[in-house]
Every structure is written in C-alpha cells, then in structure tokens.
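[1] Okay, sequence plus prediction incoming.
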Amino acid sequence: MDSARTTVDVSSLSLGRLRKQSRLREAVIQRLLLACALISVFTTIGIVIILVVQAAGFFRKVSILEFFTGTQWTPLFQPQHFGVLPLVGGTLLTAGIAILVAIPIGLAAAVYLSEYAQDRVRRIVKPFLEVLAGIPTVVYGYFALTFLTPLLRNIFPDMIVFNALSAGMVMGAMIIPMVSSLSEDAMVAVPRSLRDAGYGLGATRFEVATRVVMPAAVSGIVAACILALSRAVGETMIVVIAAGSTPKLTLNPLESIQTMTAYIVQISLGETPHGTVEYYTIFAVGLLLFFMTLLMNLFSQWFVGRYREKY
Amino acid sequence: MKNGSAFQRHLRIRQITGYINGTLFFLATLTGIIVLIVLIVDVFKDSLGWLDWQFITSYPSRKPQEAGLLSAMFGTLWVMALTALFSFPVGIGTAIYLEEYAPNSRLRRLIQTNINNLAGVPSIVYGLLGLALFVQALALGRSVLAGALTLTLMSLPVIIIAAQEAIRSVPESYRLGAFALGATRWQVVRNIVLPNAIPGILTGTILAMSRAIGEAAPMIAISALVYLTFIPVSPMDRFTVLPIQIFNWVSRPQEGFWHLAAAGIIVLLFVLLTMNAAAIILRNRFQKRTEE
Amino acid sequence: MVNNVARLEAKSLELWYGKFQALRGISLVIPQNQVTAIIGPSGCGKSSLLRCFNRMNDLIPGSSVKGQVLFDGRNIYAANIDPTEVRYRIGMVFQKPNPFPKTIFENVAFGPRVNSFIGDLEEIVERALHRAALWDEVKDRLHKSAMQLSGGQQQRLCIARALALEPEVILMDEPCSALDPVATLKIEDLMKSLAENYTIIIVTHNMQQAARVSDMAAFMMMEEDRAGVLVEYGPTSKLFTNPQDKRTEDYITGRFG
C-alpha cells in the first residue's frame, strides 16, 4: 500500500481516483489564488478608469488649456476660475521644503549608520527612525500647527498661522526615515572589497564614505530621494491642518497656500452636490496628482534599473 | 621618503575634515530622534488632564469639557476588523500565487510592477476610488463597509510585499524535500511554506493595519462623518474614525479642542504601540515554535 | 639574506582578533626590490600577516597588535602614526579584483586625487597603466567603465591603481587566484618586472607560483591553538630544494596542505 502520503487516508481509495480528486482541488486553488492576484490589477485599472471618467465630466465644461495654464483657482466663488497652477505650486512648494529638510538629514544619517556606527548603536537608532515613519500624519499636522508654527512666528513675525514652511518642515521630518532607510540599504549593499580598496589607497573613512561608497550606491540613493519626493507630493493631512486653504501661486513659504491634496479634502468635507463641475474638480485634480506620483515612481524604478551596479 | 614629491597629502586637513563631517553625520542622525522625542513630549503635555475615562466614553460635543472619543473608537474598531477580514486572505493569496505558482513570465512581472506602483499611490487617491466605486457605483453609501473596502485596497500592496518577502525567505531545500515525497504544490504551500512564513506575514500585516488606522484622508474622501454622535452597529451605518476625530478637533480654533486633539492622539498612539508590540511578540513566539 | 637593504621588518609580531590569537612571534626582514612570497596551508594567517604590513587589520573591530613592524626603521604601529599615512606608501592588491564602478581613468586617478596630488593627473595615470602593462589595451577607452574589463585586466587595473601613488612596497594577497591561467602568467611576469623598482610581498597558496616568481619565501603554519607562526624563511631556491625544517619539507613535498 502506498504510505508516502501521510495527509490523506489511502485505505479506501484507489490510486487513480485519488489523483483525479487532488488534481481538481489543485486547479481550483490555483484559480482562486490567481483571482486574488488579479484584484491588484483591477485596482489599478479601476483607479485609472474612475479618475479619467469623472475628470472627463470636468473637462467637458472646462478647457484643458485653462486647467493647465490658468493661475487662479476659484471653483467655489464667482467668477469661477479653473487654473490648477496655484494648487500645483502649493504642492511643489511644501514638498520642496520637505525634501530640503529630509535629504541632507536623511543622507547624513544613512552615511552615519552604514559607515560609522557600531552595530550596537545601529540597533538602537534604527528602530527610533522607523518609529518616526509610523506616526500618523494627523499627529504631525497637530505638531506643525500647535508647536512649530508658534515657534517659527517668533522668528518670522510676518508669518501667518497657516503657512507652507511649518507644514513643509514637518513633512520633511516625516520622510527622513524613507530617505535614510532606502539610502542606507543601497550603501550597505556596496561590497566590502570596494571599501577595502579605498582604505588601501590611504583614504580616510570620510573619503571612503563619500568618494567610494556613495558614488557606488548612487542609483539607490537617487531612487530613495525621488520616492521621498513622491510621498511628500501625495501627503494630505499635514498640509490640510497646517498649510492653509488659499490657493495661491507663490514662492514665499511664510504665506498660506493650498495643495492639490488639501483641496480634495476641502471639497470632500463640504456639501458639494454630485454631478456639478465643482464635484468633478476633485477628480480632475486627483487625476493630475495620480499621474505626477506615478511618473515619479516609474522614473525612480527606471533609474535604478538603468544605473544600478551589479556586484 | 616621498615627502618632496608632488603629493601634498594635506593629511592634517583631511583628518580634521573627516572628524568634523563625522560629527555632523552623527548630529543629523540625532536630529531625527530629537524631533521624535519633542513631538511626543509636546503632545503628552498638551493632553494632561484631558485624558480620562469620561473622555473615552463620551460622544463629541460642542463643549470641549464634555466631548469624547466613543463614536470614533467604535468606528475605528469596526473598520479595522472588516479591513483585516478582507485584506489578509486576498493579500496572502496574492503573495502565494506570485511566489509559488506564477512562472517567471511577463504577466508576473507586470503584476509585480503594478503592486510596487500601487504602494506609492497617495492615500487620498484611494479615497477617490472608494468614493466613486464603493459609495457611488456599488451604492454602499458612506458606510463602514465602503470604508473598509477602501482601506483594504490601500493596504493590499503593503501586505503583499511583506508576505512575499516572508515566503521568499523559506529555504528552497524545504520545498524540494516535500516535493520529492510526492506532495502536491498546494500541500507544500500549506504544510511547509506557510507555517514557516507565518511570523513574517503576521508582522507585515499588522504593520500594514497600523498604517491604515492612522489614515484620515481616504476616509474623509468617502465622507466618513466628521461629527458623529452614535455608534455604528452594522456595516452599512455611517461612521467616523479616530484620526478624523482628531483632525476635527485640531481644526477648531477654541483652545479646549486642541487639548482634546492631543488626548485623542495619545489614545491613537497607544493603540498603535500595542499593535506593533503584538506584532513583535507574535513573531518571536512563532519563531521559537518553528525552531523547536 | 644577502646584500639587499632591509625595507620592512616584522619584530615579534603578534596579532589578536579579540581573544583569539591569529599570529604569534613573527619576525622577518623583507629585502628591498625583491619578491617575497608568503606560503603555507590555508587558514595559517598569511593574509592576516600581509594586512599587518599596511595596517588594514585596524579596520577589523577588536583587532590588536603586539610587537613592531618597522618600515625604514620606524614602527608603523607607533601611537603617533596615522594608518592612512602607511597605506599611502605601502599599497595593496586584493585577491578578487575590486575596481570601483567608475571609469578606468577615474579608478587610477582615485589614489592621487584623494591624496591631494598636484600636477598632471593624465600623466600619472598613463605612467601607472604603462607600468601595469595595461596601457595598450585600454588607451582608447580610458573614459569607459572599468567594470567592462575582463578579470585579468581588472586585476592589472587594480595594480595600476596602487602604482599611481608610487608606493615603495606593494602587497599582493593571492592576486591570481581568481584569474585564468593566461591572465595569471601575465601578472606573474608583471610582478617580476615591477620588482626592479618596488618591493613586492605576495601571499600565495600556489607553490609553483611561489617558486616561479619569488626571490625570498616565508613558510607559515597554524599551530594547535590556531595561531599562525613563521616556520622557515630564506631564499626561495634554498627553501624549496633544501628546507631546514621538517614541517616545511612536508608541505613542499605535498604531504599536507
């Protein structure tokens, strides 16, 4: 009697029937699992279709030219203007401040953790930085509004309560772990033999870190920065709470602005009826946001694929 | 000796430069930690005196002294439970399919790239998807169910990636041994791969959940209410969640509400802390068991 | 040891990795402008000894050194000596070729750049590539990536990289073990020609190679407590034809190792 299969009772079945039963079950299971995998595909298709279809409702009433080149965004006031540039400007201003904060600190931390720190220090410090990434964004928004803004207003008396600088800085703090963790992964992947070669030529630790390791890890580091930027662009609650709701095209971080994400929240909180142009604006803006972040993510993947060194 | 040669070396300067920069790198690392500590201390200070039993068991109110978290807590519980119910099987199933069943084909790479991209989509976009698909098209209304489905879609990429990593870390030799004994693929997965991958899968899914708990943006987009004075009792009821309640309080100018927000944050952080601790404990316990 | 000036000398050298003693009581004198080979069975500490000569062991946490290594009479392990100072004058080539993922030119130029070289970089790079017998093969693609070279070419590039600093001593840690026989022969010829101007110390587990290229040979072994010791040291021809120590004889005749 066949006793290799311990999971099935063989005594009452012939071998032939056993094979057919389990073959059927295997096929069903495989189909089920494939269905699970396809859900993710449908999610993407769903996002694209919905955004495009609903945004079409918007573009039927508003010209694409006005949307992309207009410098005023006043869909809720008369006269209505639908130029999205102020929202894009607000998004880029806050995201720009965020990466100005996060990239130097994040890279420095990554270099420290991968090239200088002893194992013990690394094991304590890394979890702390991970915690920074796990804090909900409403908490960061609270912190920006109630702690950082009053602090900054002592330095900049002209600053308005809702401003891009507070929100941007706190966003920067939020994405530091992303920059540092991904960059550190890239640097740790550089093989020891390259460092040895650098030391063997009489370079100091700082020189090896900056002139051997970082250039060798550059593709991963650049990808990390682009992904962090993409995250900052898509961030919502921090800017909703602390950056304001006045769409304005400006480079002054002390002023109140509105980002694309904050606008969508503003409309969602309100009582805008369905089917109106104002309702469709959130999908038009959402579509633009989706494409911006998608392009950044795709670019970062392409960049790594093209420039990564194989060790 | 080579001292007279063209190599100036500037050893002293290089040493000093290296030292200064090394210190700067260390300080930068400290900055991240300092920000974290300042943030937590500040929130804690603001919440003193406002976090008490009455706070947890009351509904929100126009008077700060009487307001509480009750509806938000229940809303969060409902949504989390349903999200977990939907996302675990689908996420793990997808990971199993990709790692164990899918041949290394174009389709597989397409799905993989797709998942990686979905992980980077802003959460508010998922909210828009939920609004148009679940609330409108499927006519689920602004219900707990719609919220849970939205968060499911948002959490799936994170869960899938974590589960894939856990499954990949199971040594190939285990699988080969099982196949050699005549096991079918599903038997190998169920009896060999999954038990060994569970610690990693659990950790990943709990972490994904803890991210979803803190998300206000997608829930706002599907119009979870901001001011709710009842507890949802069925999946079709309207609801609100902790982060939205906190957001609502932060947005009010009266001073008392900011203290409420801080107290709410402490509760939220406490929930997150518990979940993460549970994830770590579970992982350690499972690891010990598989090592026996 | 005949009429050659001493360049490097190890005096009662001991190397510890934490509590584990890797080298014990090593004393030997390396003559100038000759090839000295360190041979012995695997694990006996040959590479560890080599790395003592340019203080690369300093990079391993927990390592410590007792005794002295004298370079032109001065102890390189003295408290006031910076290791980078040592490595600038004593170069190293590693077992597996490890060019930087930069261009060929940038690889060779790295050492001079980092050590604040003033002068014509292109001239120094060209000279180093000539001396490493690589110039003809790469002169038309100096600004292409070094990773596209073959294994043997990469190793010669690493030699050129070390030569660009005009070191006085070159340490080579099994430089041919990752290469095919043709590339190996090229590097062996290179070693012999380099010895006219540089002092070379090579570690090799290949006895025939040691016999081919070296003037002096040091035979090491691992004792029972796994510490490496120097068993015998002398001119290569004598060591191989008339070894004084039985352990040397056993190793050479292939009875172990």
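    Ah, there it is.

[2] For residue A:273, which residues are in contact?
    Counting by Cβ atoms under 8 Å, 6 or more residues apart in numbering or on different chains, residue A:273 makes contact with residue A:279. In this view, the C-beta of every residue, glycine as well, is placed from N, C-alpha and C.

[3] likewise residue B:122?
    A:233, A:234, A:235, A:236, A:261, A:289, A:290, A:293, B:217.

[4] can you redo those as CSV with secondary structure, pLDDT and neighbour count?
    What follows is the contacts of residue B:122, written out as CSV (DSSP: H, G, I helix; E, B strand; the rest coil; pLDDT from 0 to 100; neighbours: other Cβ atoms under 10 Å in any protein chain shown):
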residue, secondary structure, pLDDT, neighbour count
A:233, helix, 96, 24
A:234, helix, 94, 24
A:235, coil, 94, 29
A:236, coil, 94, 28
A:261, helix, 95, 30
A:289, helix, 96, 27
A:290, helix, 96, 23
A:293, helix, 95, 22
B:217, helix, 92, 29
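
[5] nearest to residue C:250, of these?
    residue A:293 (69.3 Å; Cβ to Cβ).

[6] returning to what we had before: nearest to residue A:47, out of the contacts of residue B:122: which one, please.
    residue A:290 (6.7 Å).

[7] surely the closest one meets residue A:47?
    Yes: look at residue A:290 against residue A:47 with Cβ atoms under 8 Å: they come within range, at 6.7 Å.

[8] shared neighbours of these two, which are they?
    B:121, B:125.

[9] what does stretch B:254-270 contact?
    Under Cβ under 8 Å, 6+ apart, the answer for stretch B:254-270 is A:135-136, A:138-139, A:142, A:146, B:40, B:43-47, B:49-51, B:55-56, B:64-65, B:67, B:69, B:72-73, B:213-214, B:242-243, B:245-246, B:249-250, B:252.

[10] Show me which residues of chain A are close to chain C?
    Proximity of chain A to chain C, by Cβ under 8 Å from any Cβ of the partner chain, involves residues A:118, A:191, A:193-194, A:196-204, A:207, A:211-212, A:215-216, A:309.

[11] try 7 Å
    A:193-194, A:196-197, A:199-204, A:207, A:211-212, A:215-216, A:309 (Cβ under 7 Å from any Cβ of the partner chain).

[12] Looking at the stretch 1-150 of chain B, which residue is nearest chain A?
    Going by Cβ to the nearest Cβ, chain A is nearest to residue B:122 of the stretch 1-150 of chain B, at 2.7 Å.

[13] For chain A, see how far away the residue lying closest to residue B:170 once chain neighbours are set aside is.
    Counting by Cβ to Cβ, 6 or more residues apart in numbering or on different chains, residue B:170 lies nearest to residue B:196, which is 4.6 Å off, once chain neighbours are set aside. Distance, residue B:196 to chain A, using Cβ to the nearest Cβ, to the nearest Å: 17 Å.

[14] Now the phi/psi pair for the residue in the stretch 101-250 of chain A that chain C sits nearest to, please.
    Nearest to chain C, among the residues of the stretch 101-250 of chain A, is residue A:202, at 3.4 Å (Cβ to the nearest Cβ). Main-chain dihedrals, residue A:202, degrees, to the nearest 10: phi 90, psi 20.

[15] how distant is the helix or strand containing residue A:268 from the center of its chain?
    Element membership for residue A:268 (DSSP states H and E) is helix A:260-269. Averaging C-alpha positions (Cα atoms, centre = their mean, to the nearest Å) puts helix A:260-269 18 Å from its chain's average.

[16] So what touches stretch C:20-28?
    Outside stretch C:20-28, the residues within contact range by Cβ atoms under 7 Å, 6 or more residues apart in numbering or on different chains are C:10-16, C:45, C:48-49, C:218, C:227-230, C:233.

[17] Chain C: helices as residue ranges?
    With DSSP state H, the ranges of helices along chain C come out as C:46-53, C:83-89, C:104-114, C:121-131, C:135-138, C:151-163, C:181-194, C:207-213, C:236-241, C:246-252.

[18] Now do the fourth one: distance to the chain's middle.
    Between the mean C-alpha location of helix C:121-131 and the chain-wide mean there is a distance of 21 Å, by Cα atoms, centre = their mean.

[19] okay, the angle between that helix and helix C:151-163?
    Here helix C:121-131 points in a direction 130 degrees away from that of helix C:151-163 (axes from the mean of the first three to the mean of the last three Cα atoms, to 10 degrees).

[20] cool, the third one as well?
    Orientation of helix C:104-114 against helix C:151-163 (the same axes, to 10 degrees) gives an angle of 20 degrees.

[21] Tell me how many other residues crowd whatever residue of chain C ends up closest to chain A.
    Nearest residue of chain C to chain A: residue C:88, at 3.4 Å (Cβ to the nearest Cβ). Residues near residue C:88, counting by other Cβ atoms under 10 Å in any protein chain shown, number 24.

[22] Grab the nearest non-local neighbour of it.
    Nearest non-adjacent residue to residue C:88 (Cβ to Cβ, 6+ apart): residue A:202, at 3.4 Å.

[23] Residue A:253 now?
    Using Cβ to Cβ, 6+ apart, the closest residue to residue A:253 is residue A:165 (3.9 Å).

[24] Spell out which residues of the stretch 51-200 of chain B are next to chain A.
    B:90, B:93-94, B:96-98, B:101, B:111, B:114-115, B:117-118, B:120-125, B:128-129, B:132-133, B:153, B:156-157, B:160, B:181-182, B:184-187.
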